[in-house]
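**Student:** Could you look at this predicted model? Sequence included:
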Amino acid sequence: MRGRRAALSRLAFSFGLVALILWWIDAAGAVARLRQAEGGWLLLAALLLTVQTVLMALRWRLTAAQLGLAIPRRRAVGEYYLAQAVNMTLPGGVLGDAARAVRSRAEAGFGTAALAVMIERLAGQAAMFAVATAGFGLALLRPGGIGWPAGTGAILLAAVALAILLPLLARRLPVSATFARAVRTALLARAVWPRQAALALVVVALNLAACARATGTRLGPEAATTLVPLVLTAMLVPVSVAGWGWREGAAALLFPLAGATAAAGVAASLAFGAIALAASLPGLLWPVLSGWIERDLPQRETGR
């Protein structure tokens, strides 16, 4: 009962925050932008997010394999789709990932399965942070069309310093030693890090492109690599459903820095959220499809 009440509260909070933002920016402008959105851009964004999901599934499979957990390619894609669908429709944004760990625990145990999921998600966030940091660094060294507020450089340096210090401080915790070894094995081993880096960077590029082009709003490379990561990072705030509300608020505040309107930012964010939700929905079919596959495989083996 308490869990249901919390879920309803987060859902109400997300919708209420979106409504408040639309009222604040003048909803008519955002609605007009959505009506002007070209079907081609929307389809392209959906395609980019679909490819992104497949690549993230392969990244998870590679991470798990490094930790001794073998996941067939088809199952990895199906389970990742299901996790995406759950994360996009239920409060919290991590229930799908938790279920992914539970459903893949059979071969190597829950601890290894959970580590594979956490490290795979960590790789994605680290890549997003790296791209954003590089974008901010280039933007501050070679000012372009974005009017950065005073003190942006200091904030960037503090964020980088914090990102470096946190792993060093975490080493003092007993539990972190196991996690650190798993990270080195799954992400940083000589035989695997080029593939991990390539997958992570391509996934980030697809995500940024899908958000930046969701309604056809033209954002240059500087805005795409700095503002869009901040908009997407706002989705990580847990008091919402799939980042709704926080993402739109961040877009309303940040898009004007690149010369776009707040309405254009909110419209792009709403379109991105709707496309991401639609692109994840096929994952809800995976439990049914996986049941068919598991029932069919013994019959095939018997036929042989």
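**Tutor:** Yep, it's here. Numbers count the residues shown, from 1 in each chain.

**Student:** is it true that Ala260 touches Gly220?
**Tutor:** No - using C-beta atoms under 8 Å as the test, Ala260 is too far from Gly220 to be in contact (10.6 Å). No exception for glycine: its C-beta is placed from N, CA and C like everyone else's.

**Student:** Show me the shaky parts of the stretch 151-300 of the chain.
**Tutor:** 151, 153, 166-175, 212-217, 290-300 (pLDDT under 70).

**Student:** For it, just list every one of the helices.
**Tutor:** 152-170, 174-183, 193-212, 221-233, 246-254, 262-280, 286-303 (DSSP state H, counting those that start in this stretch).

**Student:** how about Leu289, what does it touch?
**Tutor:** Gly78 (C-beta atoms under 8 Å, 6 or more residues apart in numbering).

**Student:** Distance check, it against Gly283.
**Tutor:** Leu289 sits at a distance of 10 Å from Gly283 (criterion: C-beta to C-beta, to the nearest Å).

**Student:** Quick check: neighbours shared by these two?
**Tutor:** The contact sets of Leu289 and Gly283 overlap at Gly78 (C-beta under 8 Å, 6+ apart).

**Student:** Which one of the helices of the stretch 151-300 of the chain lies nearest to Asp97?
**Tutor:** Among the helices of the stretch 151-300 of the chain, the nearest to Asp97 by C-beta to C-beta is helix 262-280 (12.9 Å).

**Student:** elements contacting that closest one?
**Tutor:** helix 2-25, helix 27-36, helix 39-66, helix 73-89, helix 193-212, helix 246-254 (3 or more C-beta pairs under 8 Å, 6 or more residues apart in numbering; DSSP states H and E).

**Student:** Tell me which residues of the second one come out buried.
**Tutor:** Translated: helix 27-36. Buried positions in helix 27-36, judged by neighbour count with 16 or more other C-beta atoms under 10 Å: Gly29, Ala30, Arg33, Leu34.

**Student:** Take it, keep the C-alpha atoms, and write them as CSV.
**Tutor:** Taking Å, rounded to 0.1, in the frame of the first residue of the first chain, the C-alpha atoms of helix 27-36 are listed here in CSV:
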residue,chain,number,x,y,z
ALA,A,27,2.3,26.4,-23.3
ALA,A,28,1.1,27.7,-26.7
GLY,A,29,4.6,28.1,-27.9
ALA,A,30,5.6,24.6,-26.9
VAL,A,31,2.4,23.1,-28.5
ALA,A,32,3.1,25.1,-31.7
ARG,A,33,6.6,23.7,-31.8
LEU,A,34,5.3,20.2,-31.4
ARG,A,35,2.7,20.6,-34.1
GLN,A,36,5.5,21.8,-36.5
